[in-house]
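Asker: using only what follows, build the 3D model:
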Amino acid sequence: RAGLTALDPYVQRFQYHEARPGAFESGRDLLLRPAEVWAATERGVVVLGRDGTWRTADRLTGLPSDNALALAASSSGVWVGTDLGLARIGAGDSVLALPERLAVLSLLVVRDTLWIGTTRGLMLRPETGEDLLVPRETEPALRHPIVALAALGDTLVAATGDKLIVRAPGTPWTLLPVVS
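Answerer: This next block holds a predicted model:
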């Protein structure tokens, strides 16, 4: 059975919301928005509204692929990373797919910049920009697949399969020592 379990803050209990049969099998990333839960799945993006209704975005609605891997919210909508590219779902569930064909494994929005972890390494896209860019001061480890991105205050953290790379404001990217 596919669905989402969420804590209802009004009644302080968990509620299970079952999706329609065949909607998806597994979630890869979750995003909480006001009155909605978004899930990246192998069948696109599914959205559960507070009223219990489900919506779906997939290849038929404009995503580069049904294989959604990552989600991030920005002021212009929700960014979706798929195995075949990047798209933004905006107002009215309109989908804008970017032309670059690359597998997007992780996403993070910090202020006005979308950080993009791909199988080719780390990229970024300013909110007002059109192009995907490679950071200027690139630590060699950032050219490997970036499987996760996070921020702690103004410090960015990127993870490969076996390394953590951090960048504090005004400093270059630094490879952290591996702890075994």
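Asker: residue 32: what secondary structure?
Answerer: The three-state assignment at residue 32 reads strand, by DSSP: H, G, I helix; E, B strand; the rest coil.
Asker: partner residues bridging it?
Answerer: On the basis of DSSP bridges, residue 32 is bridged to residue 37.
Asker: that one - how many residues pack around it?
Answerer: Residues contacting residue 32 under the criterion other C-beta atoms under 10 Å number 11. For the C-beta atoms, the positions are set from N, CA and C on the backbone; glycine is no exception.
Asker: cool, residue 99 as well?
Answerer: The burial count for residue 99: 9, using other C-beta under 10 Å.
Asker: likewise for the one 3 residues further on?
Answerer: Counted with other C-beta under 10 Å, the burial measure for residue 102 works out to 20 neighbours.
Asker: what sits closest to it if chain neighbours are left out?
Answerer: Spatial nearest neighbour of residue 102, excluding adjacent residues (C-beta to C-beta, 6 or more residues apart in numbering): residue 118 at 4.9 Å.
Asker: phi, psi for that neighbour please.
Answerer: phi -120, psi 170 (degrees, to the nearest 10).
Asker: list the residues that contact it.
Answerer: 102-105, 145-146 (C-beta atoms under 8 Å, 6 or more residues apart in numbering).
Asker: residues in a beta bridge with the residue nearest in space to the middle of the chain, which ones?
Answerer: Computing the C-alpha centroid of the chain and ranking residues by C-alpha atoms, centre = their mean puts residue 71 first, at 2.4 Å. Judged by DSSP bridges, the bridge partners of residue 71 are residue 80.
Asker: that one is in contact with residue 77, isn't it?
Answerer: No: the pair residue 71 / residue 77 is not scored as a contact, 10.8 Å apart, by C-beta atoms under 8 Å.
Asker: below-threshold pLDDT in the chain: ranges please.
Answerer: Across the chain, the ranges flagged by pLDDT under 70 are 1-25, 179-180.
Asker: show me the helices in it, by range?
Answerer: Ranges of helices in the chain, per DSSP state H: none exist.
Asker: check the gap between the residue lying closest to residue 72 once chain neighbours are set aside and residue 162 for me.
Answerer: Nearest non-adjacent residue to residue 72, counting by C-beta to C-beta, 6+ apart: residue 107, 3.7 Å away. Residue 107 sits 21 Å away from residue 162, going by C-beta to C-beta, to the nearest Å.
Asker: quick one, which of those two is more surrounded?
Answerer: Per other C-beta under 10 Å, whichever of residue 107 and residue 162 has more neighbours is residue 107, with 27 against 9.
Asker: that's all I had, so thanks and see you.
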